[in-house]
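Trainee: kindly generate the corresponding structure for this input.
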Amino acid sequence: MITAKSTQWTTFQTPACQVDFPDGTLQNRMNQLWNTNLSGFTRQGITGNPWTATNSSDQTWYFDPTTTDISEGQYAQITWSPVPGRIKYYFPNISNANMWSLADTGYDTAGNTFGQIPADPCDASDTAKIPYGPYGPRGWQDEYCEWSITRNAQGQIVRIDFTCENPEYWNTLWMVSPQRVVELYRSTLDKPQIALEDLYLRDSAGNPVIDASTGRPAYDPLNRWNRGTASTASAGGAMHLTSTPNTLQTEIGLGGAATTPRTSGNANPNTLICCAQFGQIGRNSDPHIGQSVNLVVTPPTPAIPSAKATLANPPGLYIQTPNFGRITGPRGVDPRTFWTVKRGQQSLTDPAGNSLPGNFILHAVFEVPAELGFTISDLQVDGVPVQWAAQIAQTFNMQIAAMALPQQPGPAAQACAGSPAVSQAQALQLFNTPVFDAMLATSVANPVGQPMNLASNSTMIAPHIEPGAVRRPLTLVLTGLLDPPQLPNVSFGPGVHVSGGAMQRVNYAIPGNTYPSDSWALSLLVNVDADAAPGLRDALVSNPGQTATIAMPALLNVVDPVTKDMA
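Mentor: All right, here's what the predicted structure looks like:
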């Protein structure tokens, strides 16, 4: 049992209950924004996709832990390895050295990048191939844990930064205080040389892009200090997750999709993930997480009661303490002394004093003190000399803390997700237009040389707009349009007035997706009445001749312009 409802959290807590502001006013603002964002993500996960997919919506066996009585709930720990599982899945004969090298750098020991893989691994008859993804400066690290490596002049590893912090948190933090973000970058990465201007999103002319949500420069999630796996004094570092599927909103969406029982059963995680279409085969994380959640809803035996499921509060992905017994070094050193938790906590308790399972580490550094006279490269893992950071990564697990809430009877099984005979217009994402234009125009290099742009590293955080706003340029990204496309009808509810303009075809990975795909970007001008009700607004869109009945939750946030006054 968990706790009585009177003593449970009634708002979403920050990951690991992290407190990043000594100033109570700013921390309260952060907590409010975080709860708003997570509430929206949760509604999106429960809604699913009723527009362009079948058997993929109304996922009500996933629940909001802040509005549901969880007094009968039970915590559960779901763990997996942070080393990218798809490398070994697609290249089963690869040597350990080449696997570790690919995991660290995107290249094997001979300097070759990833090979081609099946375009549709769920269809054995499909022989089409695509470059290995996800793309990006460390996109292949797709197990909700990413790392950067610092080497000395001799090529020896002297420091490894491991992070599992979601990009939504850092974007929210930036909306409250860019100055606090740069301070945390400096203290976490131990790089006092990081400048605030290094973190700005810039346009093609190099000018900072102003985010109308705050009236300040927008944040660049792939800035020079959070890019790639090599960390030096002038660039590089791992502050938060950057692989396109490594988002918290996606994890919530996966949890929602995984609560639907399938006629395919849940005995095989890959069969289930192909049926439900909530992730990628071969990952250590998503297939295992999805199967674990589905087994809670539909247990393998009638003796076990069915249950609803959710990510336990505080939702997040968390690093676990390594098995230090696998690591040995000179003079019998204790490797535990090389591990420093920079952000997060070893343990958490809920408001009733119940312990949550596992550790809640957000950022950890593995580093041998210089005064010892040796480096990480002088250590061994399982008796093998350390040449790659992935060898250290294999000594620990990742986790989510889930919650099961018994409910009888269980839901009926549905057929596999598919495509409807007629698709409806689907709102995917909303941007302040200058931010979208800059991200779309920013190319992102990656080892496989696949075209990619920075929009793939955007988030589902709803843009802010204040009452009384006039002709605010926003860009709505959609799919499911008619062929040829016609201007859809768009509504954000009472007090918000929309006029649509030009449409363009765009290609990027919608937040959480592994691969880029084609969508439509619709330019909007938005006016808001001075007395418009504040709060998250859903986007109801429809093609001409169709009637929209279900809105995409939480795409726009009508707020007082308080964030513009923050530090």
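Trainee: rest of the way, CA atoms for contacts and neighbours
Mentor: OK.
Trainee: for Ala364, which residues count as its bridge partners?
Mentor: Phe162, Val341 (DSSP bridges).
Trainee: I figured it hits Gln345, correct?
Mentor: No - between Ala364 and Gln345 there is no contact under Cα atoms under 8 Å: 10.5 Å.
Trainee: please say which of the two ends up with more neighbours.
Mentor: Ala364 (22 against 18; other Cα atoms under 10 Å).
Trainee: residues contacting the closest residue to Ala401 other than its chain neighbours?
Mentor: Among residues not flanking Ala401 along the chain, Gln77 sits closest, at 4.9 Å (Cα to Cα, 6 or more residues apart in numbering). Taking Cα atoms under 8 Å, 6 or more residues apart in numbering, we find Gln77 in contact with 357-358, 399-402.
Trainee: what residues sit buried inside the helix or strand hosting Gln77?
Mentor: Here Gln77, judged by DSSP states H and E, is contained in strand 74-80. Using 16 or more other Cα atoms under 10 Å as the burial criterion, the residues of strand 74-80 that qualify are 74-76, 78-80.
Trainee: mind jotting down where the helices sit in the stretch 101-250 of the chain?
Mentor: For the stretch 101-250 of the chain, the helices defined by DSSP state H, counting those that start in this stretch cover 167-176, 178-189, 248-258.
Trainee: cool, the stretch 251-400 of the chain as well?
Mentor: 269-276, 286-297, 389-393.
Trainee: possible to save those helices as a markdown table with mean neighbour count?
Mentor: Below are the helices of the stretch 251-400 of the chain laid out as a markdown table (neighbours: other Cα atoms under 10 Å):
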| stretch | mean neighbour count |
| --- | --- |
| helix 269-276 | 22 |
| helix 286-297 | 24 |
| helix 389-393 | 24 |
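Trainee: and Gly115, which of these is closest to it?
Mentor: Nearest to Gly115, of all the helices of the stretch 251-400 of the chain, is helix 389-393, at 19.5 Å by Cα to Cα.
Trainee: contact partners of the closest one?
Mentor: For helix 389-393, contacts defined as Cα under 8 Å, 6+ apart pick out 82-83, 100-101, 103-104, 147, 149, 157, 160, 381, 386.
Trainee: Asp350: which of the residues you listed is nearest?
Mentor: So of the contacts of helix 389-393, ranked by how close each gets to Asp350 (Cα to Cα), first place is Pro82, at 26.3 Å.
Trainee: that closest one contacts Met398, doesn't it?
Mentor: Yes - counting by Cα under 8 Å, Met398 is a contact partner of Pro82 at 6.1 Å.
Trainee: would you agree Gln486 falls within a strand?
Mentor: No - Gln486 sits outside any strand when classified using DSSP: H, G, I helix; E, B strand; the rest coil, being coil.
Trainee: ok, it touching Ser542?
Mentor: No - between Gln486 and Ser542 there is no contact under Cα under 8 Å: 10.2 Å.
Trainee: which of these two has more neighbours?
Mentor: Per other Cα under 10 Å, whichever of Gln486 and Ser542 has more neighbours is Ser542, with 25 against 11.
Trainee: any idea of the pLDDT on the more buried one?
Mentor: Note for Ser542: predicted pLDDT of 97.
Trainee: check contacts around it.
Mentor: Taking Cα under 8 Å, 6+ apart, one finds 424-426, 488-490, 548 in contact with Ser542.
Trainee: go with 6 Å
Mentor: Neighbouring residues of Ser542 by Cα atoms under 6 Å, 6 or more residues apart in numbering: 425, 488-489, 548.
Trainee: show me what it is bridged to.
Mentor: Asn489.
Trainee: give me the low-pLDDT residue ranges for the stretch 451-567 of the chain?
Mentor: Applying pLDDT under 70 to the stretch 451-567 of the chain flags residues 562-567.
Trainee: quick one, strands of it?
Mentor: Shown for the stretch 451-567 of the chain, the strands assigned by DSSP state E, counting those that start in this stretch span residues 464-465, 472-479, 489-491, 496-508, 517-528, 535-542, 552-558.
Trainee: need those strands in TSV with distance to Asn93, can you?
Mentor: Shown next, in TSV, are the strands of the stretch 451-567 of the chain (distance: least, Cα to Cα, whole Å):
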stretch	distance to Asn93
strand 464-465	50
strand 472-479	39
strand 489-491	51
strand 496-508	32
strand 517-528	31
strand 535-542	48
strand 552-558	44
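Trainee: which stretch among those strands comes nearest Arg336?
Mentor: With Cα to Cα, the closest approach to Arg336 among those belongs to strand 496-508: 41.5 Å.
Trainee: hmm, back to that, any idea how far Ser355 is from the residue nearest to Ala401?
Mentor: Going from Gln77 to Ser355 by Cα to Cα, to the nearest Å gives 12 Å.
Trainee: can you check Gly383 too?
Mentor: In this view, Gly383 and Ser355 are 35 Å apart by Cα to Cα.
Trainee: can you tell me the centre-most residue of this structure?
Mentor: Nearest to the mean C-alpha position of the chain, by Cα atoms, centre = their mean, lies Thr247 at 0.5 Å.
Trainee: may I ask you to name the longest helix in the protein?
Mentor: Longest helix in the chain by number of residues, with DSSP state H as the criterion: helix 24-47.
Trainee: is it true that Leu476 touches Ala427?
Mentor: No - applying Cα atoms under 6 Å as the test, Leu476 and Ala427 come out as separate, 7.0 Å apart.
Trainee: and of the helices of the stretch 251-400 of the chain, who's closest to Pro15?
Mentor: Pro15 sits nearest to helix 286-297 of all the helices of the stretch 251-400 of the chain, at 18.6 Å, using Cα to Cα.
Trainee: the closest one to helix 269-276, inter-axis angle?
Mentor: Between helix 286-297 and helix 269-276, the angle comes out at 80 degrees (axes from the mean of the first three to the mean of the last three Cα atoms, to 10 degrees).
Trainee: output helix 286-297 in CSV with nothing but the alpha carbons.
Mentor: Presented in CSV, the C-alpha positions along helix 286-297 are these (Å, rounded to 0.1, in the frame of the first residue of the first chain):
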residue,chain,number,x,y,z
ASP,A,286,11.1,0.6,-24.3
PRO,A,287,10.2,-3.1,-25.2
HIS,A,288,10.9,-4.1,-21.6
ILE,A,289,9.1,-1.1,-20.1
GLY,A,290,6.1,-1.6,-22.3
GLN,A,291,5.9,-5.3,-21.6
SER,A,292,6.3,-4.7,-17.8
VAL,A,293,3.4,-2.2,-17.9
ASN,A,294,1.2,-4.4,-20.0
LEU,A,295,1.7,-7.3,-17.6
VAL,A,296,0.4,-5.1,-14.8
VAL,A,297,-2.8,-4.4,-16.7
